[in-house]
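Asker: Quick one: sequence and predicted model below, then my questions.
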Amino acid sequence: MVTSPPKPRTLWPHAIVAVFVLFAGYIGFMVQQAMRTTVDLVSPDYYQQELAFQQRMETVARTAALPAPVELRYDAAARLLTLQLPADMRGQRIQGQIHFFRPSNQRLDFTLPLQPGADLQQHLSTARMRPGLWRVRMDFTADKHNYFVEEKIILHP
């Protein structure tokens, strides 16, 4: 009686099934984690924020429509920042604020009042400001119209 040698057992079918089971378990785990995660994309005062955003966009459009732009010039040698308002605003009652934001350090942020002279210029010393990137936002009112300007400046040591 001649017996044939036993066939070698292959593990490939079991490995393929195991990979599919592990993949299904991983997908199930990820779905469970996604369902448990809370995502608050909408704030409770969404509509008020939307109205404020719309007003900001109208203010930016009004500022862009000025005959001459609001200019912000930095003189590194004199360490002086000069704000120049358009000549069309001469004789108007201007009031507002200038916000200085330091993206790398919130503690350095500060606000100054907008007080242009008769020549519609305001000079600000940058001697006490740290060198680096600053965002300057100017919110002001002239003749009961709101205006907004935002610019980036880089102060050099």
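Answerer: Cool, got the structure. In this text the structure is predicted, and so the values were computed from the model without any measurement.
Asker: following the lowest-mean-pLDDT helix or strand in the chain, which helix or strand shows up next?
Answerer: When the helices and strands of the chain are compared on mean pLDDT, DSSP states H and E, helix 46-64 comes out lowest with a mean of 88. Downstream of helix 46-64, the next assigned helix or strand under DSSP states H and E is strand 71-75.
Asker: Not counting its neighbours along the chain, what's nearest the residue nearest in space to the middle of the chain?
Answerer: What sits nearest the mean C-alpha location of the chain, by CA atoms, centre = their mean, is Pro103, with 9.3 Å. Counting by CB to CB, 6 or more residues apart in numbering, Pro103 lies nearest to Leu133, which is 6.1 Å off, once chain neighbours are set aside. Bear in mind the C-beta positions are built from the backbone N, C-alpha and C, glycine included.
Asker: Spell out which helix or strand contains the one you found, please.
Answerer: Element membership for Leu133 (DSSP H and E) is strand 132-142.
Asker: Name every strand pairing with that strand and say which way it goes.
Answerer: Strand pairing for strand 132-142, using DSSP bridges, gives strand 94-101 (antiparallel), strand 145-155 (antiparallel).
Asker: how distant is the longest helix seen in the chain from the center of its chain?
Answerer: The helix that spans the most residues within the chain, counting by DSSP state H, is helix 12-36. Helix 12-36 has its C-alpha centroid displaced from the chain centroid by 39 Å (CA atoms, centre = their mean, to the nearest Å).
Asker: element containing the residue nearest to the centre of the chain, please.
Answerer: With DSSP H and E as the test, Pro103 turns up in no helix or strand.
Asker: Can you tell me how far it is from Val70?
Answerer: Using CB to CB, to the nearest Å, Pro103 is found at 21 Å from Val70.
Asker: any idea whether Thr82 is helix, strand or coil?
Answerer: Under DSSP: H, G, I helix; E, B strand; the rest coil, the three-state class of Thr82 is strand.
Asker: low-confidence ranges in this protein?
Answerer: For the chain, applying pLDDT under 70 flags the ranges 1, 39-43.
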